[in-house]
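1. Sequence isn't available, so here's the structure alone:
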């Protein structure tokens, strides 16, 4: 009740503040960054631990060396790992967008995660700017704050290296430019549209093609100006398209072959669209690559999609789409229905339907795959709240207060996570946060600290057990030979000796990560099988 009364008293001041666009964009930029930095005492900088993390960090380190690809290593068989090409170049399979962000963090702050923080602030600020094109400043401010609390410090976009924010910021440029172009065709808005599409292509190419369909549907309302808008937007997107083509040429040797596509041909990973057969690998797979291949093949299914399987998968993804909404605001979504009488909101519903159906042709799914549409989900919530306020302003205030209270509750628990009951709650009910609480159940931190404390350069052979699951321990920097720590697959005594001879003078270790905790021993003390 007190929170409800406080919200009512703050409303007039918030409306006045909402008109100060530049100040608010600066505030919304800083807010998610400050909130996450305040957690560092109990939730340090995220530890990379998944194949995606390591592949994006490899991309960043490659770019930080001012190149798009690394030469193949002469002993590359020891460094085979998921989502990384070894030939014709040693490179990440992913587009450049997230790598550029992480490389900027590495070069400017000596910490790739700084790029994640900056992109979080950029997205929240641009989300508010996008909403200003669709609604009043007050509702736009509310939407910006929803973006901070729903996609900010407590979500996996912030606490992994997988990406999300950059594509979401690109989506804000795209869908913020559209209503401005509808009101008046200007060169600046068309350039922002093209820039947003270019950013999308550098992060999620397939999903950006789907977003382009949504853009075309909207521009059909201004068909007389479509050619001019398309020409200007294409000009703005051209540098990013050119950079993507150059990456293709540098990494795969072909201007039109994406690294992702070459990985699919060589390793069968990532798997294909559901209407295609499961791709077969054209290289011998390591044990861990085989685990990932079998897992992705099982998710895909042995045969191409059937209509029944398509719709079952569509229904099963509701939990992923729920991720975009604070729980209290799910209750208000039906209030959006009267807005469908307006063509622009009918387009919004159609665009979300196109995105949901279009991305259902891919067997795997995580929310960051459609990060470019995040601002559309925020617009959906804000519009529903605005229409609901015409019926009952008190209920809308209550729902907004509940959103804030929900965030404050979980954020406070994170700050108190040194207290075991608080940590238990966050670990049990906040499975999407990926926050590192120093507990490190896989034992990576302890292993890394031990290797960091060892003098000189290190060579670590990783031996997986026959029951190994998908937990990647072989990963390396862009310049393997000059790295202080080199991690390599254990290929047996005879083969391993070749790598030991290749790296003379290094301390050699055997890491067995499937022990609990992982076991790190001097190489000579454990007989190789």
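-> That came through, no problem. Just so we're clear, the structure is a prediction, and the values are computed from it rather than from any experiment.

2. And stretch 412-427, what's buried?
-> Under the neighbour-count criterion of 16 or more other C-beta atoms under 10 Å, stretch 412-427 has 413, 414, 417, 422, 423, 425, 426 buried. Yep, even glycine has a C-beta here, placed from its N, CA and C like the rest.

3. Stretch 51-67 too?
-> Applying a neighbour-count criterion of 16+ other C-beta under 10 Å, the buried positions in stretch 51-67 are 51-64.

4. could those go into CSV alongside pLDDT, secondary structure and distance to residue 446?
-> Shown next, in CSV, are those (pLDDT from 0 to 100; DSSP: H, G, I helix; E, B strand; the rest coil; distance: C-beta to C-beta, whole Å):
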residue, pLDDT, secondary structure, distance to residue 446
51, 95, helix, 21
52, 96, helix, 23
53, 97, helix, 18
54, 97, helix, 18
55, 98, helix, 24
56, 98, helix, 24
57, 98, helix, 20
58, 98, helix, 23
59, 98, helix, 27
60, 98, helix, 25
61, 98, helix, 24
62, 98, helix, 28
63, 98, helix, 30
64, 98, helix, 27
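
5. Widest-spaced pair of those residues?
-> The span of the buried residues of stretch 51-67, defined through C-beta to C-beta, is set by 51 and 64 at 20.2 Å.

6. Walking through the stretch 51-200 of the chain, point out its strands one by one.
-> Listed in chain order, the strands of the stretch 51-200 of the chain (DSSP state E, counting those that start in this stretch) span 84-85, 91-92.

7. Is there a neighbour count for the nearest residue to residue 129 once chain neighbours are set aside? I'd like the number.
-> What sits nearest to residue 129 in space, not counting adjacent residues and going by C-beta to C-beta, 6 or more residues apart in numbering, is residue 176, at 5.6 Å. Residues within reach of residue 176, counting by other C-beta atoms under 10 Å, total 25.

8. Wait, residue 176 touches residue 128, no?
-> No. Using C-beta atoms under 8 Å, residue 176 and residue 128 do not qualify as a contacting pair, with a distance of 9.5 Å.

9. where does residue 410 land in three-state SS?
-> For residue 410, the assignment made with DSSP: H, G, I helix; E, B strand; the rest coil gives helix.

10. Now do it against residue 367, distance only.
-> Distance, residue 410 to residue 367, by C-beta to C-beta, to the nearest Å: 17 Å.

11. higher neighbour count, the two?
-> Summary of the neighbour comparison: residue 410 and residue 367, criterion other C-beta under 10 Å, with residue 367 having more neighbours (21 against 17).

12. Which residue comes closest to that one once chain neighbours are left out?
-> Closest residue to residue 367 apart from its sequence neighbours, by C-beta to C-beta, 6+ apart: residue 323 at 4.7 Å.

13. Low-confidence bits of the stretch 201-350 of the chain, can you list those?
-> Low-confidence regions of the stretch 201-350 of the chain, defined here as pLDDT under 70, do not occur.

14. from the buried residues of stretch 412-427, which two are the most distant?
-> Pairwise distances across those (C-beta to C-beta) peak at 10.0 Å, for the pair 414 and 425.

15. Sort out which one of the buried residues of stretch 412-427 lies nearest residue 275 for me.
-> Among these, and counting by C-beta to C-beta, the member closest to residue 275 is residue 426, at 39.8 Å.

16. Contacts only, for that closest one.
-> For residue 426, the set of contacting residues under the criterion of C-beta atoms under 8 Å, 6 or more residues apart in numbering consists of 410, 413, 414, 417, 433, 435, 437.

17. Against residue 358, how distant is it?
-> According to C-beta to C-beta, residue 426 stands 34 Å off from residue 358.

18. Would you list the phi and psi of residue 465?
-> The phi/psi pair for residue 465 (degrees, to the nearest 10) reads phi -80, psi 160.

19. Now do the same contact list for the closest residue to it other than its chain neighbours.
-> Leaving aside its sequence neighbours, residue 465 sits nearest to residue 514 (C-beta to C-beta, 6+ apart; 3.9 Å). With contact taken as C-beta under 8 Å, 6+ apart, residue 514 is in contact with 464, 465, 467, 468.

20. Most neighbours among those residues, please name it.
-> When neighbours are counted as other C-beta under 10 Å, the busiest of the contacts of residue 514 turns out to be residue 464, with 20 neighbours.

21. close enough to count as contact, that residue and residue 287?
-> Yes. Proximity of residue 464 to residue 287 meets the contact threshold set by C-beta under 8 Å, at 5.3 Å.

22. so where does residue 354 fall, helix or strand?
-> Using DSSP states H and E, residue 354 falls within helix 343-358.

23. residues in contact with the following helix or strand past that helix?
-> Under the assignment DSSP H and E, the closest C-terminal helix or strand after helix 343-358 is helix 374-391. Applying C-beta under 8 Å, 6+ apart, the set of residues contacting helix 374-391 from outside is 123, 126-127, 130-131, 134-135, 139-140, 142-143, 146-147, 151, 168, 171-172, 175-176, 324-325, 329, 332-336, 338-339, 345, 348, 351-352, 355, 395-396, 399-400.

24. change it to 7 Å
-> Contact with helix 374-391 is made by 127, 130-131, 134-135, 139, 142-143, 146-147, 151, 168, 171-172, 175, 324-325, 329, 332-333, 335-336, 338-339, 345, 348, 351-352, 395-396, as judged by C-beta atoms under 7 Å, 6 or more residues apart in numbering.

25. Now which of the residues you listed would you call buried?
-> The neighbour-count test (16+ other C-beta under 10 Å) marks 127, 130-131, 134-135, 139, 142-143, 146-147, 151, 168, 171-172, 175, 324-325, 329, 332, 335-336, 339, 345, 348, 351-352, 396 as buried among these.

26. Narrow the residues you listed to those in helices?
-> For the buried ones among the contacts of helix 374-391, the ones inside helices are 127, 130-131, 139, 142-143, 146-147, 151, 168, 171-172, 175, 329, 345, 348, 351-352, 396, with DSSP state H as the criterion.

27. So the spatially most central residue of the chain versus residue 462, what's the distance?
-> Per C-alpha atoms, centre = their mean, the C-alpha nearest to the average position across the chain is that of residue 163, at 2.4 Å. In this structure, residue 163 lies at 26 Å from residue 462, with C-beta to C-beta as the measure.

28. you'd agree residue 460 is in a strand?
-> Yes. Residue 460: assigned to a strand according to three-state DSSP.

29. For burial, what's the neighbour tally of the nearest residue to residue 112 once chain neighbours are set aside?
-> Computed as C-beta to C-beta, 6+ apart, the closest residue to residue 112 that is not its neighbour in sequence is residue 102, at 3.9 Å. A count of neighbours around residue 102, defined by other C-beta under 10 Å, yields 27.

30. and what of residue 266?
-> Residues near residue 266, counting by other C-beta under 10 Å, number 17.

31. what do you get for residue 399?
-> Taking other C-beta under 10 Å as the definition, residue 399 ends up with a neighbour count of 20.

32. so how far is the host helix or strand of it from its chain's centroid?
-> With elements taken from DSSP H and E, the one containing residue 399 is helix 393-415. In this view, helix 393-415 has its centroid 25 Å away from the chain centroid, taken as C-alpha atoms, centre = their mean, to the nearest Å.

33. Name the residues of stretch 491-508 that come out as buried.
-> 491, 496, 499, 502, 503, 506, 508.

34. for it, how far is the first residue from the last?
-> The first and final residues of stretch 491-508 sit 14 Å from each other (C-alpha to C-alpha, to the nearest Å).

35. for stretch 87-101, same thing?
-> Its start and end residues considered, stretch 87-101 measures 25 Å (C-alpha to C-alpha).

36. Averaged pLDDT, it. What do you get?
-> Per-region confidence: stretch 87-101 scores 98 on mean pLDDT.

37. got it, and stretch 476-488?
-> Per-residue pLDDT over stretch 476-488 has a mean of 98.

38. Over to stretch 115-129?
-> Regarding stretch 115-129, the rounded mean pLDDT is 98.

39. likewise stretch 421-433?
-> Stretch 421-433 shows a mean pLDDT of 75.

40. Alright, I will stop here.
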